[in-house]
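**Q** following is a predicted model, sequence given first.
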Amino acid sequence: MQITGMKYGHQLLRLVDFPVAETLPASASLDEVSGLIQRHGGKCVVKPVFLGGIGKKGKAGLVRIVNNPYEAMVAKKDLYFAVHEQGNRSVQANGVTFEGFVPSEVEVYVNISASTLYRAPVMTLTTEGGVEVEEIPPERKRVITFNPATGIKAFHVHDALRELGCPAQYISPLVQHLPKLWQLYDHYGLTVLELNPIRMTLKNGRYLPVACDIKAAFDLDNPAWRRLGFPEEIFSTELSRFEAEINLLRTHQGQSDVVEINPKGSILPFMFGGGANSVSTEILGDRAILSSDFGGNPPYEKMKAIADITFRHWLPQARVLLIIGGRANNTDILTTFKGIFDALRDQIDLNPNIQVVVGRGGPRLVEGVTYARDILDRLQIPYAFFGFDSSMVSVIHYALELDRWLEQNGPRAAASKS
């Protein structure tokens, strides 16, 4: 469940008094837009509104900077129902926002999300925002670790900015405001909070960090997000038939979050936990058929139903079945593996050439792996198992390289090689 942009983002950030760009809705009158432009140096920014987490609008030419209200209305007409290619899917806007232009010589990027490396939330910070953070060299950004019980403190931000060589005039206002983002993340059930860019502008002789775009993801199973009072329809997107079937299985125990990434993909990933979801989705890219999170200790019946639906839709086209997650604390590995591999046994006729890669840790791991091995041996399905002492990233790369090899050589070559 995600939101992007300032239509609702400015309401979210104002809960913790974080400065935001002045924002008007699509219904704003010509006079209101004219006033916005006058208050912000003769410019405003017009952006389309998309439901869900939609990024890279600027690169797609869907952000317009205009100099008068008439240009703003033309941009509104052009962008109101704009279509954006997001990966392998087309998404359509439903509205626009008019945002005051914020002049700045520096753009800051900040992200709070869960880290699989540290097994805790971390803050990623750089003073070279406005671009994809992956494009920034590691030495020019900092990953801030902290104790979630006490949160992000001023000294965390101060030390990171000094290490990055941030100009002195910007450090104090950033130290004042960035720790507020942890309050927002922690109090309202967020799993990702990203501001990109934060622009540093002069106000009353003092620099002020102003959020100009936001991406936020919420944990649907954490009721804290309901305190925001946002209408539930803002989190809705057009669901595929597969996504709709899986969503019917949503219960209190166990997660069943899925998003189709590439209906023509070749790796079918069962992801357990937000960390596995983030890193797998990033590394696998378009080869992943879907992005998922099936953590939360699902019971056998639910896991079996999820796997049955997933295999019915995607097993015929997949080359690699990837089951990936960190070291679970309370998820019963034997129970989840029984659900997945019983479903695979029942539907193996859909694709007897599938290959299996597993990277998992947690309670009853040995029993779960033994159960999976026995089924796969009987089905004569090639497999590779990795335990909790293996790097999750390495396991995902192994599955990726296996898929590439199968693409070039085919399953028969793999069988002869084994």
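**A** Good, I have the coordinates.
**Q** longest helix of the protein?
**A** helix 392-417 (DSSP state H).
**Q** what residues sit buried inside that helix?
**A** 392, 395-396, 398-400, 402-403, 405-406, 414 (16 or more other Cβ atoms under 10 Å). Bear in mind the C-beta positions are built from the backbone N, C-alpha and C, glycine included.
**Q** and that helix, average pLDDT?
**A** Helix 392-417 shows a mean pLDDT of 83.
**Q** leaving out chain neighbours, which residue sits closest to the residue nearest to the spatial centre of the chain?
**A** Taking Cα atoms, centre = their mean, the centroid of the chain lies closest to Ser278, which sits 6.2 Å from it. Using Cβ to Cβ, 6 or more residues apart in numbering and skipping residues adjacent in sequence, the residue nearest Ser278 is Ser113, 6.9 Å away.
**Q** so which elements touch the longest helix of the chain?
**A** Using 3 or more Cβ pairs under 8 Å, 6 or more residues apart in numbering; DSSP states H and E, the elements in contact with helix 392-417 are strand 267-272, helix 274-284, strand 320-327, strand 355-361, strand 383-386.
**Q** least reliable of these by average pLDDT, please.
**A** helix 274-284 (a mean of 83).
**Q** mind listing what's buried along that helix?
**A** In helix 274-284, counting by 16+ other Cβ under 10 Å, buried: 274-281, 284.
**Q** which helices and strands does the helix or strand following it pack with?
**A** Helices and strands here follow DSSP states H and E; after helix 274-284, the next one along the chain is strand 290-293. Using 3+ Cβ pairs under 8 Å, 6+ apart as the contact test, the elements touching strand 290-293 are strand 257-260, strand 267-272, helix 274-284.
**Q** all helices of the stretch 1-150 of the chain, in order?
**A** 6-14, 30-39, 69-79 (DSSP state H, counting those that start in this stretch).
**Q** export the first one as CSV, just CAs?
**A** As requested, the backbone C-alpha atoms of helix 6-14 are provided in CSV (Å, rounded to 0.1, in the frame of the first residue of the first chain):
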residue,chain,number,x,y,z
MET,A,6,2.3,15.8,-2.6
LYS,A,7,-1.5,15.6,-2.9
TYR,A,8,-1.6,13.4,0.3
GLY,A,9,2.1,13.7,1.0
HIS,A,10,1.9,17.2,2.3
GLN,A,11,-0.8,16.1,4.8
LEU,A,12,1.4,13.3,6.0
LEU,A,13,4.4,15.5,6.6
ARG,A,14,2.5,18.2,8.3
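**Q** counting by contacts, list what it packs against.
**A** Using 3+ Cβ pairs under 8 Å, 6+ apart: helix 6-14 touches strand 23-25, strand 96-100, strand 206-211, strand 214-218.
**Q** and the angle from that helix to strand 96-100?
**A** 50 degrees (axes from the mean of the first three to the mean of the last three Cα atoms, to 10 degrees).
**Q** go on, the second one?
**A** Helix 30-39 runs at 30 degrees relative to strand 96-100, counting by the same axes, to 10 degrees.
**Q** what residues sit buried inside helix 30-39?
**A** Applying 16+ other Cβ under 10 Å to helix 30-39 flags 33-34, 36-37 as buried.
**Q** from these, which single one is nearest Asn67?
**A** Taking Cβ to Cβ as the measure, Ile37 is the one of those closest to Asn67, at 7.3 Å.
**Q** spatially, what comes nearest to that closest one if we skip its sequence neighbours?
**A** According to Cβ to Cβ, 6+ apart, the nearest residue to Ile37 is Cys44 (4.9 Å).
**Q** could you pull up the residues touching Gly41?
**A** Residues counted as contacts of Gly41 (Cβ atoms under 8 Å, 6 or more residues apart in numbering) are 101, 103.
**Q** is Ile152 in contact with Phe146, as I believe?
**A** Yes: assessed by Cβ atoms under 8 Å, Ile152 is found in contact with Phe146 at 5.3 Å.
**Q** identify the contacts common to those two.
**A** Contact criterion Cβ under 8 Å, 6+ apart; residues shared by Ile152 and Phe146: 123, 182.
**Q** residue ranges with poor pLDDT in the stretch 101-250 of the chain?
**A** 232-239, 250 (pLDDT under 70).
**Q** how about a cut-off of 90?
**A** 104-106, 114-120, 128-139, 189-192, 196, 202-205, 215-250 (pLDDT under 90).
**Q** what is the burial count for Pro363?
**A** Residues lying near Pro363 (other Cβ atoms under 10 Å) number 16.
**Q** no, scratch that, I was asking about Pro137
**A** Quick note: Pro137 (other Cβ under 10 Å) scores 8 neighbours.
**Q** which other helices and strands does the lengthiest strand in the chain contact?
**A** If you go by DSSP state E, the chain has its longest strand at strand 190-203. With contacts taken as 3+ Cβ pairs under 8 Å, 6+ apart, strand 190-203 sits against strand 107-115, helix 168-177, helix 180-187, strand 206-211, strand 214-218.
**Q** can you list the buried residues in it?
**A** So, applying 16+ other Cβ under 10 Å, buried residues of strand 190-203: 190-201.
**Q** residues in contact with that strand?
**A** 2, 102-114, 129-130, 133, 170, 173-174, 181, 184-185, 207-219, 225, 274.
**Q** now stretch 160-171
**A** 106, 108, 125-127, 140-142, 144, 158, 174-175, 200, 207, 209.
**Q** which of these count as buried?
**A** Counted by 16+ other Cβ under 10 Å, those give 106, 108, 125-127, 141-142, 144, 158, 174-175, 200, 207, 209 as buried.
**Q** follow-up on the earlier one: looking at the helices and strands packed on strand 190-203, which is closest to Pro316?
**A** strand 214-218 (30.9 Å).
**Q** with that, I have no additional questions.
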